[in-house]
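Q: After the sequence you'll find the predicted model.
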Amino acid sequence: MLGAKPNTLFDVKRHPTVLAAQFAALCAACVLGCVKAANQQPPVGPAVSAAATQEQAPEPAKPAPPQTRPDKPWEQWVEQSMMRSKMRQLWYDCGIIVGNSMYPEIAEMFYLELAAGDVARKARGFAEHWENVRNRNREAATAASNADWRLARQKVNETNMACEACHFEHWSLATHGVLPETLKGWHDNDSVFGDEPWGQMKLNGAPAWVMKMYEMRAAWFSAGRGVRRLEKDRVLEATRKINDFADDQAKRWRSIETQANIIFELARKREPQKVEPHYLTIRNQCIDCHKLYAPDRGLDPMPWK
C-alpha cells in the first residue's frame, strides 16, 4: 500500500521456525562463551598454572648442619650404683604402701598395687641371685663329699660366677674400674678398642657389707684350694660358710617377696585395712638386715604410725 510504513518487527505468528533457529543459535553462543571463559581460569586446588606454581613453590631447604654428639655426664654415670638405686626405690615403694593403706578411706588402690608389685619383683630378683649362689655351692659340697673332684671344681667355679653375676648387675661402673674418660673415649671414637684409660676397683658399699663380701670371697678361695688338694674337710668347711650367708639372704628376700605379693592381692581386692601385718614383716626384715650389714647407712622403711 502506498504511503504505508514497512513492517520492521518480526512476525512471530508467521515465522515460528525461524524464531526457534535463532534462539538455538543464541544459546550455543552463550555456552561457547562460558566454556571459553572457564578455560581461561586457573583450576581450584593443586592443579595450578606453571607460572603460579613457580611463584608459590618454597625455596629449596638448606642442608642441616652436621649434628654433634651432646656431652654426657660421665662422672655421674660411673658413680651410679644400681644396688643403691634399687634400695632407694624400695624405700620409696614402702612409703607409698603406707600412704595408701594406713587410712583406707583415702587410699588409692592403683598406687598400692604398683608399689607392692615393684617390691615383689625386686625382692624376687635378689632372692634368685642368692639362691643361685647357695645352690651351686651346695652342689660343690656334695661333689666333694662323693670325691667327684672334677664336678666339685666345676661347681666351685659356678658359685663364683653366680656371685659375679650379681656384682655385674649391681655394682657402680666405678667399682668395676671404669673412669669417666673410659666411657667418653668409647662414645667419641665409636669403638671400644681405643687406648682409653681404666682405673682401679673402687668399693663404695657399706663397710660391714663389704667386709662380709671379703669373707665370702675368702671362703670361695679356700674351697677352690681344697678341691685342688683333694681336701674334703676343707671344702666342706668353706662351702658351709658360703651356704649359711647365702641361704639367710635368700630367705630374707623370699619373705619380703611373699609379703609384697599378699599386699598386691589385697590392693586388687580393695582391702587396704589388711595390709599392716604384712608391711610390718617387710619392714622388720629390712631393719634386721640393716643392723647387721649397714648400721651406718641402712634407710629403714617408713614406720606404721
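A: Arrived safely.
Q: host element of C166?
A: Here C166, judged by DSSP states H and E, is contained in helix 149-170.
Q: mean confidence score for that helix?
A: For helix 149-170, mean pLDDT is 97.
Q: Could you list every helix and strand in contact with that helix?
A: For helix 149-170, the helices and strands in contact under the criterion 3 or more CB pairs under 8 Å, 6 or more residues apart in numbering; DSSP states H and E are helix 82-99, helix 109-145, helix 207-228, helix 232-269. Every C-beta, even on glycine, is put in place using the N, C-alpha and C of the backbone.
Q: And the next helix or strand past that helix?
A: helix 180-189.
Q: what pLDDT does K72 get?
A: Value for K72, per-residue pLDDT: 88.
Q: cool, the one 5 residues further on as well?
A: The model reports W77 with a pLDDT of 95.
Q: Now render the helices and strands packed on helix 149-170 as CSV, adding mean neighbour count.
A: What follows is the helices and strands packed on helix 149-170, written out as CSV (neighbours: other CB atoms under 10 Å):
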stretch, mean neighbour count
helix 82-99, 18
helix 109-145, 20
helix 207-228, 17
helix 232-269, 19
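Q: Generate a markdown table for these, with mean pLDDT and distance to W304 as supplementary columns.
A: Formatted as a markdown table, the helices and strands packed on helix 149-170 follow (pLDDT from 0 to 100; distance: least, CB to CB, whole Å):
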| stretch | mean pLDDT | distance to W304 |
| --- | --- | --- |
| helix 82-99 | 97 | 6 |
| helix 109-145 | 98 | 14 |
| helix 207-228 | 97 | 26 |
| helix 232-269 | 98 | 13 |
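Q: could I get those as CSV with distance to E158?
A: CSV is the format used below for the helices and strands packed on helix 149-170 (distance: least, CB to CB, whole Å):
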stretch, distance to E158
helix 82-99, 22
helix 109-145, 4
helix 207-228, 11
helix 232-269, 12
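Q: Tell me which of those helices sits nearest to K184.
A: helix 82-99 (20.8 Å; CB to CB).
Q: Name the residues that touch stretch 291-302?
A: Residues from elsewhere that reach stretch 291-302 (CB atoms under 8 Å, 6 or more residues apart in numbering): 87-88, 90-91, 94-95, 98, 206-209, 212, 279, 282-283, 286-287, 289-290.
Q: typo on my end, stretch 197-212
A: Contacts of stretch 197-212 (CB under 8 Å, 6+ apart): 79, 81, 83, 172, 174-179, 181-182, 213, 245, 292-298.
Q: What subset of the residues you listed is buried?
A: 79, 81, 83, 172, 174-175, 178-179, 182, 245, 293-294, 298 (16 or more other CB atoms under 10 Å).
Q: Dump these into JSON lines; add distance to I262 as well.
A: What follows is these, written out as JSON lines (distance: CB to CB, whole Å):
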{"residue": "E79", "distance to I262": "36"}
{"residue": "S81", "distance to I262": "30"}
{"residue": "M83", "distance to I262": "26"}
{"residue": "S172", "distance to I262": "33"}
{"residue": "A174", "distance to I262": "38"}
{"residue": "T175", "distance to I262": "35"}
{"residue": "V178", "distance to I262": "40"}
{"residue": "L179", "distance to I262": "45"}
{"residue": "T182", "distance to I262": "45"}
{"residue": "F245", "distance to I262": "27"}
{"residue": "Y293", "distance to I262": "26"}
{"residue": "A294", "distance to I262": "26"}
{"residue": "G298", "distance to I262": "24"}
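Q: which among these gets closest to G194?
A: Using CB to CB, T182 comes nearest to G194 of the buried ones among the contacts of stretch 197-212, at 9.5 Å.
Q: three-state assignment of the nearest residue to the closest one once chain neighbours are set aside?
A: What sits nearest to T182 in space, not counting adjacent residues and going by CB to CB, 6 or more residues apart in numbering, is E196, at 4.6 Å. Following DSSP: H, G, I helix; E, B strand; the rest coil, the label given to E196 is coil.
Q: Kindly report the same for S101.
A: Quick answer, by three-state DSSP: S101 is coil.
Q: That one and E276, how far apart?
A: 7 Å (CB to CB, to the nearest Å).
Q: ditto for W186
A: 50 Å.
Q: Also A140?
A: Per CB to CB, A140 is found 42 Å from E276.
Q: Just the buried residues of the helix holding C166, please?
A: 149, 151-156, 158-160, 162-163, 166, 170.
Q: coming back round to it: S101 and E276 - which one has more neighbours?
A: Each of S101 and E276 has its neighbours counted (other CB atoms under 10 Å); S101 has more, 27 against 14.
Q: Report how many residues lie close to P63.
A: 6.
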